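Enquirer: here is the input, now give the coordinates:
(one chain, ligands or ions: 1)
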Amino acid sequence: MSKIIAGNFKSNLTRTKIQEYYQILDSKIMPNDEVFLFPPFFALQQSQKFQIGAQNAYPANNGAFTGEITLEALKDLNINTLLIGHSERRTLLGENQEFCAQKFNFFKTQDFSIFYCIGENLEVRQKGFEMTKKFLAAQLQGIDTNYPNLILAYEPIWAIGTGKSASLEEIEEVHAFLKTLCPAKILYGGSVQKNNLTEILKLPNVDGALIGSASLDIYNFIDMITLARELS
Ligand code: PGA
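Expert: Numbers count the residues shown, from 1 in each chain. Just a heads-up that it's a prediction; the model follows:
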């Protein structure tokens, strides 16, 4: 089975650059590749060969939610994939667990594919694995872990954007634990790059990778898709 390769652009790149990116990706992708991209809102559109999802959405059909995008707009763009719970939204934008669960439940009723992110900060990690497990389990509170369109992403905050991913042992230990809580596919995220992708994807409980910085260069991202393809 193909490993999932997902790119999260965050608030990077421009509409023009992303259009070029889509064109190049479209010409390189193979039928069995499982590729997802999460661009900023202004580049949301349908694609035949890879999936495009939103980095965020407000749990409502439409309404007075300044700065947010809602279901009606996503449907019009044929977008039915959504990232929820990314640590940057939890920490920088103050999204608490209750709100993440509210979003999850709203978009679940709309049959969205939901990439749901969880991950501990360094302070929690330093308190040991038992505390880390407790923390991660709490981030699943209010989430239907049996939802068939759920893809979980484990992203330790201390490994995001730092250039230092979690070790293979740390990743496998957490993923094995998460598999006891949730039958969904589980991606690892946090400083995944070309030079560590293969060994991470080879771990038994890792079903793919969620890639931030290393997804911004199209040729680098294509190389990573190729590495994932070689494992399938
Ligand atoms: P990174 O980001 O690959 O730049 O560490 C991962 C993420 O936040 O999804």
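Enquirer: from here on, just use CA atoms for contacts and neighbour counts.
Expert: Will do.
Enquirer: tell me the bridge partners for residue 54.
Expert: residue 82 (DSSP bridges).
Enquirer: so what's the residue count around it?
Expert: Neighbourhood size, residue 54 [other C-alpha atoms under 10 Å]: 24.
Enquirer: quick one: it from residue 71, how far?
Expert: Applying C-alpha to C-alpha, to the nearest Å, the value for residue 54 to residue 71 is 11 Å.
Enquirer: where does residue 178 land on pLDDT?
Expert: With respect to pLDDT, residue 178 has a value of 98.
Enquirer: and it, how far is that from the ligand?
Expert: Distance of residue 178 to the ligand, given as C-alpha to the nearest ligand atom, to the nearest Å: 18 Å.
Enquirer: again with residue 183
Expert: Counting by C-alpha to the nearest ligand atom - residue 183 and the ligand are separated by 21 Å.
Enquirer: how about the residues of this protein by the ligand?
Expert: Residues of the chain lying close to the ligand (C-alpha under 6 Å from any ligand atom) are 8, 160-161, 189-192, 210-214.
Enquirer: quick one: the strands in the chain?
Expert: Per DSSP state E, the chain carries strands over the ranges 4-8, 34-38, 51-52, 81-84, 113-118, 150-154, 185-189, 208-211.
Enquirer: how about these in JSON lines, adding mean pLDDT and mean neighbour count?
Expert: Converted to JSON lines, these look like this (pLDDT from 0 to 100; neighbours: other C-alpha atoms under 10 Å):
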{"stretch": "strand 4-8", "mean pLDDT": "98", "mean neighbour count": "24"}
{"stretch": "strand 34-38", "mean pLDDT": "98", "mean neighbour count": "21"}
{"stretch": "strand 51-52", "mean pLDDT": "98", "mean neighbour count": "20"}
{"stretch": "strand 81-84", "mean pLDDT": "98", "mean neighbour count": "23"}
{"stretch": "strand 113-118", "mean pLDDT": "98", "mean neighbour count": "24"}
{"stretch": "strand 150-154", "mean pLDDT": "98", "mean neighbour count": "25"}
{"stretch": "strand 185-189", "mean pLDDT": "98", "mean neighbour count": "27"}
{"stretch": "strand 208-211", "mean pLDDT": "98", "mean neighbour count": "26"}
